[in-house]
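> curious how this folds, go ahead:
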Amino acid sequence: MIAVKLVAAALAAAVLAPMPAAAAQPTAESASALNPKPAPIAWQPCAEPDFKGLDCGTMRVPVDWSRPRAGEISLSLIRRKADEPARRIGSLLLNNGGGGSSIEQLRYAIRFGFVSQLPVGKRFDLVAVDPRGVGHSTPTTCANRPERAPGVTYFPANEQQYRALVENNRALAAACENQQLLANVDLASTARDMEAVRIGLGEKQLNWYGIHYSTLLGKTYAQLFPGRLRTLFADSALDDGQSPVARLAAEISTAEQSFNRFADWCRTDSQCALSGQDVAGLFDRLVADADRRPIPTKDPRRSLNGEDIRSAMQDFLNIKFPQWPETAKAIKQAVDGDATAFTVVQDKTLNRVQALTRACLDTAPAATGYAELAQLARMAKQLSPHLGGAVQGWSHLAGCQGWPVRTKQPVTAPLRDLPPALIVQSTHQSSAAYQWGFGLSARLPGSVVLSREGEDYSMILFSDCVREAMDTYLTERRLPTPGALCTN
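Here you go, the predicted model:
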């Protein structure tokens, strides 16, 4: 553990200082020169029961690709070899969202039988890699501090609360044990790691499965390493072509629409514990009551206010079944005086602090300083009367205020020698706006968006139609008809 003490006078001066300039990124032409010959992957049989029969591997990569002799970190991989080796096509790289462990995602997929449902497992080695700073790879660890300490708000109402927010953020960054890693968990550095993985696997080209954040990771990899992707499958895509404010507004509106759909479903469906009630009104009263008097949990040290409850809702809405019925139960229990359910992280593969540290490097801030943040808070409340804009994008915007590590400029190299991508986008998903899939598609020549009617994230787990389209695309490199819609 690292004890952190901030000097109040220095902090007060730093709060009002301008944000540091973005750090420059190398071009695609210089990317290869930054890659020393990577160390081989050290494979051995996996010891954990969940991964019985699979290969577990590690490899070393530079912590800073621009200074390859300045230290190394470890990447962890798990490989499930193709069921039909004689017909094997190649390796399918599994990439989880930002701050999420691909290895843990694979673990849950195996436990619940999802891997056996994926036809691509017959002809592809499935390779899960935890990205730098996450999970089983060398992780970003910050003395077990939370994103937001008790008493700190991501929606400051005055300059004093804003200064407390900045102090919270800088204390979190200072507590991170590996400061060099903290400064290099960006998209470009992670993409270079994936190129080292490709070389270590001995593949001429990779097949890419990316979800949410890692759809942009796939795009960045393609920019830095033209011609090294055979296929690119993007699930619940993000769109980095929008301005920071437009992207934030889209996420806020999308989550609010998901909440409204949940409330409408809940009012009329017998599977909902609040069936027959004005669910939106009940939720609003719950939040207001919690702001006046925080609601206790089973942990006597912790109670939740309205911001805590609103901030939990986006993840609760990510998948309709079984999460929507569980969301209704959580609201009912909180109304009855126990908010414990809202303390449970819905995505067990995600570390929120690790997700935040990546966002602070990769995302240009939509606001800097109290005045700009307060202005966007007004926009958030207007767009989102129930959730108040308490989405992941807002958490990252607020959590990165005063962050001491410079934001990296995005890779701007043109996309060339890129395969047509298949982008699958839910029509009503709470964390990935429907239009984002089409925005990303516009930047990936020849790509097709396959829409899937519904609310679900990680659609290959829930839709036969999506799984069939994925299998056809990965094996035959054949895309669905533009404008196609999956309804199951």
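> contacts for stretch 48-56 next, please.
In this structure, residues lying in contact with stretch 48-56 by C-beta atoms under 8 Å, 6 or more residues apart in numbering are 43-47, 76-81, 107, 110-111. Quick note: C-beta positions are derived from backbone N, CA and C, even for glycine.
> ugh, wrong one, stretch 349-356
By C-beta under 8 Å, 6+ apart, stretch 349-356 touches 96-102, 104-105, 108, 133-135, 139-140, 142, 145-147, 172, 185, 213, 345, 392, 395-396, 399-400.
> okay, how far is it across stretch 287-298, tip to tip?
19 Å (C-alpha to C-alpha, to the nearest Å).
> what's in contact with that stretch?
303-310, 334, 337-340, 342-343, 388.
> okay, and which of those map to strands?
303-304 (DSSP state E).
> distance between stretch 98-112 and the chain's centre?
A distance of 13 Å separates the centroid of the chain from that of stretch 98-112, by C-alpha atoms, centre = their mean, to the nearest Å.
> what helix or strand is the nearest residue to Gln44 once chain neighbours are set aside located in?
Residue nearest to Gln44 in three dimensions, not counting chain neighbours: Cys56, with 5.9 Å by C-beta to C-beta, 6 or more residues apart in numbering. Per DSSP states H and E: Cys56 is located in strand 55-62.
> after that strand comes which helix or strand?
Strand 55-62 is succeeded, C-terminally, by strand 72-80 (DSSP H and E).
> that next one: what's the following helix or strand?
In N-to-C order, the element after strand 72-80 by DSSP H and E is strand 90-95.
> contacts for that following strand next, please.
For strand 90-95, using C-beta under 8 Å, 6+ apart, the contacting residues are 79, 102, 105-106, 120, 124-129, 131, 194, 197, 201, 203, 205-211, 214, 217-218, 230, 474.
> do that again at 7 Å, thanks
Residues outside strand 90-95 that contact it (C-beta atoms under 7 Å, 6 or more residues apart in numbering): 102, 106, 120, 124-129, 194, 201, 203, 205-210, 214, 217, 230, 474.
> give me the subset of those residues lying in strands.
Checking the contacts of strand 90-95 against DSSP E, those in strands are 124-129, 206-210, 230.
> okay, these in TSV with distance to Gly281 next?
Converted to TSV, the ones in strands among the contacts of strand 90-95 look like this (distance: C-beta to C-beta, whole Å):
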residue	distance to Gly281
Phe124	49
Asp125	52
Leu126	46
Val127	48
Ala128	43
Val129	46
Leu206	50
Asn207	48
Trp208	44
Tyr209	41
Gly210	39
Arg230	52
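> which two among those are spaced furthest apart?
Ala128 and Arg230 (18.1 Å; C-beta to C-beta).
> follow-up on the earlier one: in its sheet, which strands sit next to the strand holding Cys56, and in what direction?
Sheet pairing of strand 55-62 (DSSP bridges) gives strand 42-45 (antiparallel), strand 72-80 (antiparallel).
> would you list those in CSV and tack on mean neighbour count?
Shown next, in CSV, are the strands paired with strand 55-62 (neighbours: other C-beta atoms under 10 Å):
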stretch, mean neighbour count
strand 42-45, 12
strand 72-80, 21
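> looking at this structure, which helix or strand is least sure?
helix 8-15 (a mean of 34; mean pLDDT, DSSP states H and E).
> shouldn't Arg60 be in contact with Ile41?
No. Here Arg60 does not reach Ile41: they are 9.8 Å apart, not a contact under C-beta atoms under 7 Å.
> pLDDT value on Ala39, please?
Ala39 is assigned a predicted lDDT (pLDDT) of 87.
> show me what the helix ranked longest in the chain is in contact with.
Longest helix in the chain, counting residues (DSSP state H): helix 244-268. Residues outside helix 244-268 that contact it (C-beta under 7 Å, 6+ apart): 239, 242, 272, 274-277, 279-280, 313-314, 317, 324, 327-328, 363-366, 379-380, 383-384, 386-387, 389, 391, 393-394, 397, 428, 430, 433, 435-436, 455.
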